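Engineer: model this:
(2 chains)
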Amino acid sequence: MKQKIKAALLASSLLLMPVAGLADTADGDALNSMTWDEVVELAKGGEVNWFLWGGSDNINQYVSEYIGGRLKDEYGITLNRVGLSDTVEAVNIVLGEKESGVMDAGSVDMIWINGENFRTMKQGGLAYCGYTDILPNNAFVDWTNPAIANDFGVPVEGCEVPWSKAQFAFAYDTARLDNPPRSIGELIDWVQENPGRFTYPAPPDFNGSVFVRHVFYHAAGGVDSLLGDFDQARFDEVAAKTWGILNDMEPYLWREGRTYPASISAMEQLYANSEVDLTFNYEPSGVGLNIENGVFPPTTQGYGLTDGTIGNTNYTIIPFNSPNKAAALVLQNLLLSGEAQYQKARPDVWGAAPAIEVSRTSDAVQADFGTIVAHPNVVPADELAKAALPELQASWISAIEKGWLENVGQ
Amino acid sequence: MSNAESIPMRSFRVLTGVVLITWLVLPLIPLAIWSFARGWFYPDLLPKTWTLRAWEYAMSDTAGVLDSLWLTIGISLAATVLSILVGVPAGRALGMYKFRGKEIVELMILAPTIVPGIAVVLGIHSVFISMGLNNTVWGVILVHLIPTLPYMVLVMSGIFANYDPAFEAQARSLGASPLKTFWYVTLPAIRPGIIVGGLFAFLVSWSQYILTLLIGGGRVETLPLLLFNFATAGRNDITGAIGMIYILPGIIILLLTAKHLSGRSGAVGGFGQI
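Structural biologist: Purely as a prediction, here's the structure:
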């Protein structure tokens, strides 16, 4: 009986196993030594499973309709967009597959990623690396820019390809406020003068965490002394000041700081319902989309800080065990093209800032970029970029998040 | 029953009905309104701008809601049928017989309702990978049995605890085959339990998120997965539209089985065994 069950299980598992005939599109080393034409030839007619945050219809439409349409028409590749609520879900799938010994038949071909999740993928040996030079459109990427070559302080080293740039920005409702606080120093005073009208999502929420880092930079008197490897003595000194500021602020927060919103969308709802007067986001173009989608009042206006805001780059990564690496490379190359980056930058499509150097693209694409009129309520990327702050290394970030939970969030 | 008793009894039942409907239906009204709203801000009682955009998106190919609806119905129906096939014999054994280690078997069957799914799902995932069941619809159906079976077995063991096997013996002595006995004697007696247990199983399978996500590898995209994308992103309009579609099958099945859910049904009493 036991034997029978075993045989039945084996038979059913054989039936359900993915077709193994496409093994060569899973072999990253072989792909890395091919020419681009060979890669495209191999990718034709295949499929690619792209896992990315799925909470915006605009982004979903851009990916499924524009990118998926071009992939189908030009290469015969089927794009299967898999929506996620949190990117870590896709990382966990790859991690589970590696632990179970799935080395070339994984279910994830590409992930939209950065920061902590990239660090997990890279350190865990979960990423396919060393392919960036074969992508023709890699020429548009400025790898000498440290903000591109490092993902939250972790060197990219050919393990992912940039997709968009983002920079933290605040937003306020012009119908409610005349003069919002325009620096972290002003904000600290403003919160005390306007009790209950401000809050921030509890770290390790992505956006709550970056807000706390702005306060951390303020407490350090600037970011310069925090760059580089983690320094325990320096951290202890700045952290003590930061927790002091945030704990002093706490009784003046929404609900006297007894609780913090768990996510940025929870805070955006508080803002939309006039419970708090300020909101912020790492993706500044979100203000425009939120107004168009009825999430924010149309009188919302985005703005930067005079002492600067933190910027980051987000990327696409191919897991080590993707069975469709050739198709994923074609997809990455398409995403980096001037036309796709222009489409993504249009405020009516998404409004995400390009991660490529527009000056390196064709004249036609440059002319297209020239026609973009930013959403009037979104603070323009070049204006934000005038006061841009770098991200810290991931070791600093996790120490700050942990410290916040122990000293402020408790 | 005399009239003097039945009038307060009736008004009590009407009152409970009203309270239940208020609790169950009122929260759905804002969801329905949101699905037609473009922005709805405090202190407005109703949205200022109405639109069909959320519904247009929900019905589009990009959203994949309709494909996902059929897939979710298929998965939940299959999980329900399998739960019945396993749950009826299991419920009979637990409800009618005393045997050594019965308490342990009962505890094991109940365990999935006590242990949170998130605690065991990573282990299940690696087992399913080694069996080649991950990323498949069949794998998802199979893993849904873990949370659905306790309900099925519980209901069926309650039914069988009040079931008299002498009827079966009688039918057999009158010459009925085992199959005929089951069809004409056993099945009619346990049918209310199968309907109620099946309803539980369907609804529990219908609402699975984390098991589907991990075992399906994101490739088996059921409605809760789509719904979560927008709910966590704060898109009340699209969440409302998908949510309306999401609750529809549950309501239809509830209406179809409503008469078996009343207090007079045998399926609702007799949990005493466990």
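Engineer: okay, the residue nearest to A:Glu99 when sequence neighbours are not counted: pLDDT?
Structural biologist: Counting by CB to CB, 6 or more residues apart in numbering or on different chains, A:Glu99 lies nearest to B:Ser126, which is 6.2 Å off, once chain neighbours are set aside. Just so you know, the C-beta spots here come from the backbone N, C-alpha and C atoms, and that holds for glycine as well. Listed pLDDT for B:Ser126 reads 86.
Engineer: could you look up the next helix or strand downstream of the helix or strand where B:Ser126 lies?
Structural biologist: Using DSSP states H and E, B:Ser126 sits within helix B:117-130. Next along the chain after helix B:117-130, taking DSSP H and E as the criterion, comes helix B:137-161.
Engineer: quick check, that next one touching chain A?
Structural biologist: Yes - Helix B:137-161 lies within reach of chain A by CB under 8 Å from any CB of the partner chain, at B:Trp138, B:Gly139.
Engineer: which strands or helices does the next helix or strand after that helix pack on?
Structural biologist: As assigned by DSSP H and E, the chain's next helix or strand after helix B:137-161 is helix B:166-173. When contacts are defined as 3 or more CB pairs under 8 Å, 6 or more residues apart in numbering or on different chains; DSSP states H and E, helix B:166-173 packs onto helix B:178-181.
Engineer: ok, and does the helix or strand hosting B:Trp70 reach over to chain A?
Structural biologist: B:Trp70 is part of helix B:65-96, with elements assigned from DSSP H and E. No - residues of helix B:65-96 are not located near chain A by CB under 8 Å from any CB, the shortest gap being 10.4 Å.
Engineer: show me which residues of that helix are buried.
Structural biologist: B:65, B:68-69, B:71-72, B:75-80, B:82-84, B:86-88, B:90-95 (16 or more other CB atoms under 10 Å in any protein chain shown).
Engineer: any weak-confidence spans in the chain?
Structural biologist: Just going to use chain A. Residues of chain A that meet the criterion pLDDT under 70 lie in A:1-23.
Engineer: ah, I was thinking of chain B
Structural biologist: Judged against pLDDT under 70, the low-scoring parts of chain B cover residues B:1-5, B:261-274.
Engineer: so what's the residue of it found nearest chain A closest to, chain neighbours aside?
Structural biologist: At 2.5 Å from chain A, B:Ala233 is the closest residue in chain B, using CB to the nearest CB. Leaving out its chain neighbours, the residue that sits closest to B:Ala233 by CB to CB, 6+ apart is A:Gly55, at 2.5 Å.
Engineer: give me phi/psi at the one you found?
Structural biologist: phi -90, psi 10 (degrees, to the nearest 10).
Engineer: now swap in A:Trp112 and tell me
Structural biologist: phi -80, psi 120.
Engineer: surely it meets A:Gly54?
Structural biologist: No - taking contacts as CB atoms under 8 Å, A:Trp112 lies outside contact range of A:Gly54: 10.0 Å.
Engineer: coming back round to it: the residue nearest to B:Ala233: neighbouring residues, count only.
Structural biologist: The number of residues packed near A:Gly55 is 22, by other CB atoms under 10 Å in any protein chain shown.
Engineer: repeat for A:Ile134
Structural biologist: Count around A:Ile134 with other CB under 10 Å applied: 17.
Engineer: isn't it right up against A:Leu329?
Structural biologist: Yes - A:Ile134 lies in contact with A:Leu329 (CB under 8 Å); the separation is 7.0 Å.
Engineer: so which residues on the stretch 151-274 of chain B come close to chain A?
Structural biologist: Counting by CB under 8 Å from any CB, the stretch 151-274 of chain B sits next to chain A at B:213-214, B:217-219, B:221, B:225-226, B:228-230, B:232-238.
Engineer: now with 6 Å?
Structural biologist: Residues of the stretch 151-274 of chain B lying near chain A by CB under 6 Å from any CB of the partner chain: B:Gly217, B:Gly218, B:Arg219, B:Phe228, B:Asn229, B:Phe230, B:Thr232, B:Ala233, B:Gly234.
Engineer: helix/strand/coil for A:Ser107?
Structural biologist: coil (DSSP: H, G, I helix; E, B strand; the rest coil).
Engineer: for it, grab phi and psi.
Structural biologist: Dihedral angles for A:Ser107 - degrees, to the nearest 10 - are phi -100, psi -10.
Engineer: so which bits of stretch B:22-33 are buried?
Structural biologist: Buried-residue list, stretch B:22-33, by 16+ other CB under 10 Å: B:Leu31, B:Ile33.
Engineer: now do that stretch: everything it contacts.
Structural biologist: The contact list for stretch B:22-33, computed with CB atoms under 6 Å, 6 or more residues apart in numbering or on different chains, reads B:Gly240, B:Gly243.
Engineer: how near is the residue nearest to A:Asp151 when sequence neighbours are not counted to A:Ala219?
Structural biologist: In space, and not counting its chain neighbours, A:Asp151 is closest to A:Phe118: 4.8 Å by CB to CB, 6+ apart. From A:Phe118 across to A:Ala219, the span is 27 Å (CB to CB, to the nearest Å).
Engineer: with A:Ala399 instead?
Structural biologist: 14 Å.
Engineer: can you check A:Phe51 too?
Structural biologist: Counting by CB to CB, the gap from A:Phe51 to A:Ala219 is 37 Å.
Engineer: of those two, who's got more company?
Structural biologist: Neighbour totals were compared for A:Phe51 and A:Ala219, and A:Phe51 leads with 27 against 18 (other CB under 10 Å).
Engineer: neighbouring strands for the helix or strand that one falls within, and are they parallel or not?
Structural biologist: For A:Phe51, the enclosing helix or strand under DSSP H and E is strand A:47-53. Strand A:47-53 has these partner strands in its sheet, going by DSSP bridges: strand A:78-84 (parallel), strand A:110-113 (parallel).
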